[in-house]
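Q: here's a sequence, model it:
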Amino acid sequence: QVQLVESGGGLVQAGGSLRLSCAAYAQTLNYHLMGWFRQAPGKEREFVAQINWSGGSTTYADSVKGRFTITRDSAKNTGYLQMDSLNPEDTAVYYCAAVHITSYSKTGRYDYWGQGTQVTVSS
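A: Coordinates of the predicted model:
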């Protein structure tokens, strides 16, 4: 069972940057896809970014493409989301998630989720 803990959220002015971290415990993230999702008040949770287990392939939502960068450090069992040029529309609770590639190939869903970290962007 993978346990994920996010950190790095906070309050930032529009145009600023934040770096979110997602540390995994209890199990290595080898052969796991890692992703970031967000949920704004009154809205459904939406996909933000995803990185494959080797770190060689990334996918982004159109709304963050060119502004956010997802990376991972296998040695530290940690994933990151660098967020630049933030705007008020990026305000949300951000969740990291992980899933073994075999499970994902069968279900297309993430199995493990963190508790979320709040990101607030002021105008």
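Q: show me what contacts residue 77?
A: Counting by Cβ atoms under 8 Å, 6 or more residues apart in numbering, residue 77 makes contact with 23, 24, 25, 28, 29. (Each C-beta comes from the backbone N, C-alpha and C, glycine too.)
Q: would you list the buried entries among these?
A: Using 16 or more other Cβ atoms under 10 Å as the burial test, the contacts of residue 77 include 23, 24, 29 as buried.
Q: ok, back up a step: so which of the contacts of residue 77 comes closest to residue 116?
A: Residue 116 has its nearest neighbour among the contacts of residue 77 in residue 23, at 13.9 Å by Cβ to Cβ.
Q: tabulate the buried ones among the contacts of residue 77 in a markdown table, adding columns for distance to residue 58, secondary structure and pLDDT.
A: Formatted as a markdown table, these follow (distance: Cβ to Cβ, whole Å; DSSP: H, G, I helix; E, B strand; the rest coil; pLDDT from 0 to 100):
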| residue | distance to residue 58 | secondary structure | pLDDT |
| --- | --- | --- | --- |
| 23 | 19 | strand | 96 |
| 24 | 18 | strand | 94 |
| 29 | 15 | coil | 88 |
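Q: out of these, which comes closest to residue 123?
A: Closest approach between the buried ones among the contacts of residue 77 and residue 123, by Cβ to Cβ: residue 23, at 31.1 Å.
Q: burial count for residue 111?
A: Counted with other Cβ atoms under 10 Å, residues neighbouring residue 111 total 15.
Q: and for residue 67?
A: Neighbours of residue 67 under the rule other Cβ under 10 Å: 15.
Q: can you tell me the closest non-neighbouring residue to it?
A: Residue nearest to residue 67 in three dimensions, not counting chain neighbours: residue 85, with 4.6 Å by Cβ to Cβ, 6 or more residues apart in numbering.
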